[in-house]
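Asks: Curious how this folds, go ahead:
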Amino acid sequence: MRDLREYSRQTGVRLALGAFILLFVVGVGLIYLIYGPGAAGMGLTCLMAALFPVIIILSVFLVIDWILSRARPK
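Replies: Purely as a prediction, here's the structure:
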């Protein structure tokens with residue numbers, strides 16, 4: 001039998017990874033083509049700065065999930 005929770009988790013991770021790749025590659029690439037390398041560098045800097053809080057929030061969620069999975073009786 002197929003584990004649908006694992007499949008859902010994999011799909012979510014793949015969609016998020018694809019969105020980030022599109023945002024960084026296509027977004028910064030278009031900025032580079034339209035405005036030049038200086039603006040592309042600033043755009044990349046801003047994207048990285050905006051990604052920092054997202055990484056912190058996801059890390060907190062992962063820690064909470066780990067704590068709860070260990071606290072559940074088996």
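Asks: Name the residues of stretch 51-65 that come out as buried.
Replies: If you call a residue buried by 16 or more other Cβ atoms under 10 Å, then stretch 51-65 has no buried ones at all. Every C-beta, even on glycine, is put in place using the N, C-alpha and C of the backbone.
Asks: Centre of the chain to that stretch, how far?
Replies: In terms of Cα atoms, centre = their mean, to the nearest Å, the gap separating the centre of stretch 51-65 from the centre of its chain is 10 Å.
Asks: can I get the CA coordinates of stretch 24-42 in CSV?
Replies: Provided in CSV are the C-alpha atoms of stretch 24-42 (Å, rounded to 0.1, in the frame of the first residue of the first chain):
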residue,chain,number,x,y,z
PHE,A,24,15.9,32.9,-8.1
VAL,A,25,16.9,31.8,-11.6
VAL,A,26,14.1,33.4,-13.7
GLY,A,27,13.6,36.4,-11.4
VAL,A,28,17.2,37.4,-11.1
GLY,A,29,17.9,36.4,-14.7
LEU,A,30,15.2,38.8,-15.9
ILE,A,31,16.5,41.6,-13.7
TYR,A,32,19.9,41.0,-15.1
LEU,A,33,18.7,41.1,-18.7
ILE,A,34,16.5,44.2,-18.2
TYR,A,35,18.4,46.3,-15.7
GLY,A,36,22.0,44.9,-15.7
PRO,A,37,24.3,43.2,-13.3
GLY,A,38,24.2,45.7,-10.5
ALA,A,39,20.5,45.5,-10.2
ALA,A,40,20.6,41.7,-10.4
GLY,A,41,23.1,41.6,-7.5
MET,A,42,20.8,43.8,-5.5
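Asks: what pLDDT, on average, does it get?
Replies: Averaging pLDDT along stretch 24-42 yields 96.
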